[in-house]
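What follows is a predicted structure for the sequence shown.
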Amino acid sequence: MAAANFCVQCGDRLARKGWRARLRLANLCDQCAQRLGAFSSMRSIIIVTLIAVLGFTLGRFMRPSPPPLIIQRAANSPLADAPVNPGDRGRSQRAANESAPQPNVTTATDDAVYICGARTQKGTPCRRRVHAAGERCFQHKGMPSLVPLSKLVIRP
């Protein structure tokens, strides 16, 4: 980029001497630089920065607030409509259980839970849960168990 040959303020010819004169940001002669001070060379940059910051803050504060968070439940949700109180935990659960009809669902407490027990690549028994004793997980189908059947049951 070519350096200016004339002063921006007064129009006098600039006498540039040496490489340091090319590094000056302002294109002012010595008299104008003394009269305006060092602030004049950065004036345009400061003004543009102030306008950008002002626009950002104004836009930030003028932005509308976000809408409230609404959590919707399905019409057949087993949750009670009453607000939850930590002290009334037992009563609200009983009231919800009595009012809502329960479908035929087997509970996990009635069924025994077993582990796979087959040898893994590390040489340890597999800890994945399976439905029946003697079964293996999807990864170890057909492999023998490392531990006896009595140790495959997970007791609560």
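Arrived safely. As the structure is a computational prediction, the values presented were derived from the model and not from experiment.

Residue 144 against residue 126, yeah?
No: Residue 144 is beyond contact range of residue 126, at 11.6 Å (criterion: Cβ atoms under 8 Å). For glycine as for every other residue, the C-beta is placed from the backbone atoms N, C-alpha and C.

If we go by neighbour counts, what in the longest helix along the chain is buried?
Counting residues, the longest helix found in the chain (DSSP state H) is helix 43-62. Within helix 43-62, no residue counts as buried by 16 or more other Cβ atoms under 10 Å.

For that helix, output the C-alpha coordinates as PDB.
The C-alpha trace of helix 43-62 is given here as PDB (Å, rounded to 0.1, in the frame of the first residue of the first chain):
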ATOM      1  CA  ARG A  43     -10.000   8.500  16.200                       C
ATOM      2  CA  SER A  44     -11.700   6.600  13.400                       C
ATOM      3  CA  ILE A  45     -10.900   3.200  14.800                       C
ATOM      4  CA  ILE A  46     -12.200   4.200  18.200                       C
ATOM      5  CA  ILE A  47     -15.400   5.600  16.800                       C
ATOM      6  CA  VAL A  48     -16.100   2.400  14.800                       C
ATOM      7  CA  THR A  49     -15.400   0.300  17.900                       C
ATOM      8  CA  LEU A  50     -17.700   2.400  20.000                       C
ATOM      9  CA  ILE A  51     -20.500   2.200  17.500                       C
ATOM     10  CA  ALA A  52     -20.100  -1.600  17.300                       C
ATOM     11  CA  VAL A  53     -20.200  -2.000  21.100                       C
ATOM     12  CA  LEU A  54     -23.100   0.300  21.400                       C
ATOM     13  CA  GLY A  55     -25.000  -1.600  18.700                       C
ATOM     14  CA  PHE A  56     -24.200  -4.900  20.300                       C
ATOM     15  CA  THR A  57     -25.400  -3.800  23.800                       C
ATOM     16  CA  LEU A  58     -28.500  -2.100  22.400                       C
ATOM     17  CA  GLY A  59     -29.400  -5.200  20.500                       C
ATOM     18  CA  ARG A  60     -28.800  -7.400  23.500                       C
ATOM     19  CA  PHE A  61     -31.100  -5.400  25.800                       C
ATOM     20  CA  MET A  62     -33.800  -4.900  23.100                       C
END
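
In terms of packing, which of residue 144 and residue 126 has more residues around it?
residue 126 (20 against 9; other Cβ atoms under 10 Å).

what's near enough to touch that one?
115-120, 136-137, 139-140 (Cβ atoms under 8 Å, 6 or more residues apart in numbering).
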